[in-house]
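S.K.: kindly generate the corresponding structure for this input.
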Amino acid sequence: MFEKILYPTDFSEISLHALKTCIPKLFEMGAKELYLLHVIDITVAELEAFELEEIYRKKLEELARELKEKGINAKAEVRVGIPSLEIAEASEEAKVDLIVTPSVGENVWRQMFLGSTASNLTRATKKPVLLLKYVKKDDSYELAVDCSEIFRRPLVALDFSECSIKIIKTVRKFEELIEKGILLHSVDYGKIEELEHNIEIAKENLEKSAKGVKAEFEREVLVGTASQAIIGTALAKGATLIVIGKKGRSVLKDLILGSTAERVMRDSKPPVLLVPCE
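M.R.: Numbering: from 1, shown residues only. All right, here's what the predicted structure looks like:
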């Protein structure tokens, strides 16, 4: 299991909900240390940022105390700067295994154009990021998947590049929690006459990849757009998590063209674990 977890919070309702209901369950699964972080956005607060630092430090330390009472080894830190960059820097300094952050599913795409911390963070950090997907229900939001179930049935998307090796290594972190997962590859390349051959090669590669983890995985090779194959299969197979590699850190390119990871992050119903491949 991921032992060191960084959880950045902005004290919003959803952020506090995830902190109090989801994070403790990750510690029941084997997490050991929690780094709570709040970043005062210097671009918004400007001159008032440093005056707010002590106020937010007290609020964060109170949250840490509440978690310690539940047996969670929690540390708190407040920084001033650009949130996504400060979070990425803090994750490196603390040598965490995972960053966890909530995301409101239906608004992710709109928020990306407004510079949301979650989407910018996935580009800035070299650490795996677990996006806890919230869905709107009536007048409130709730987690799409209960955190105690997140690692039970992961769909792991592979493209057989070096990135896939990093993804498999990340999956090993929680393999003991997997009941049965899905390894998926989408053939969206090659000429029509090469399709059958490419499918067979993909099946062979998935078989090899499955040997890299102890947990049981079924294998799926589909033909078509990767993001659609991943999202559609996750829904059809009842996946509790989507694991996918994140390549490239060009904000402009990702926003204009829309990488597979960006589309999955935007449209998926279950949580998404983004594994950096650079």
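
S.K.: just want the phi and psi numbers for R65.
M.R.: phi -60, psi -40 (degrees, to the nearest 10).

S.K.: contact partners for it?
M.R.: By C-beta atoms under 8 Å, 6 or more residues apart in numbering, R65 lies in contact with nothing. Where you see a C-beta, it was placed from the backbone N, CA and C, and this is true even at glycine.

S.K.: how much space separates it from E200?
M.R.: Separation of R65 from E200 (C-beta to C-beta, to the nearest Å): 58 Å.

S.K.: and M1, by the same measure?
M.R.: From M1 to E200 the distance is 36 Å (C-beta to C-beta).

S.K.: with F217 instead?
M.R.: F217 is 19 Å from E200, by C-beta to C-beta.

S.K.: quick one: which of the two has more around it?
M.R.: Higher neighbour count among F217 and E200: F217, with 22 against 11, using other C-beta atoms under 10 Å.

S.K.: isn't that one right up against K208?
M.R.: No - using C-beta atoms under 8 Å, F217 makes no contact with K208, being 11.9 Å away.

S.K.: so, low pLDDT: which residues of the chain?
M.R.: Applying pLDDT under 70 to the chain picks out residues 45-47, 49, 105-119, 248-258.

S.K.: in it, which spans are helices?
M.R.: Along the chain, counting by DSSP state H, helices occupy 13-21, 23-28, 42-45, 49-69, 83-93, 108-114, 117-124, 162-171, 195-210, 226-236, 251-257, 260-267.

S.K.: identify the residues contacting the most centrally placed residue in the chain.
M.R.: With distances taken as C-alpha atoms, centre = their mean, the residue of the chain nearest its centroid is L130 (2.3 Å). By C-beta under 8 Å, 6+ apart, the contact set of L130 is 98-101, 150, 271-274.

S.K.: now those residues in TSV, with distance to C22?
M.R.: As requested, the contacts of L130 are exported to TSV (distance: C-beta to C-beta, whole Å):
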residue	distance to C22
L98	12
I99	13
V100	8
T101	11
I150	8
P271	9
V272	14
L273	14
L274	17
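
S.K.: could you point out which of those residues is nearest to G224?
M.R.: Ranked by distance to G224 (C-beta to C-beta), the contacts of L130 are led by V272 at 19.6 Å.

S.K.: what residues are bridge-paired with the closest residue to T170 other than its chain neighbours?
M.R.: Spatial nearest neighbour of T170, excluding adjacent residues (C-beta to C-beta, 6 or more residues apart in numbering): V275 at 4.9 Å. As for beta bridges, V275 partners with G245 under DSSP bridges.

S.K.: report the buried residues of stretch 13-31.
M.R.: Buried residues in stretch 13-31, counting neighbours by 16 or more other C-beta atoms under 10 Å, are found at 14-15, 17-19, 22-24, 26-27, 29, 31.

S.K.: may I ask which two of those residues are separated the most?
M.R.: I14 and M29 (21.5 Å).

S.K.: the contacts of L130 in strands, which ones?
M.R.: Mapping these onto strands (DSSP state E) picks out 98-101, 272-274.

S.K.: one step back: nearest to K246, of the contacts of L130?
M.R.: Among the contacts of L130, L274 lies closest to K246 (C-beta to C-beta), at 4.6 Å.

S.K.: on that earlier part again, who wins for neighbours among the ones in strands among the contacts of L130?
M.R.: Within those, most neighbours by other C-beta under 10 Å means V272, with 28 neighbours.
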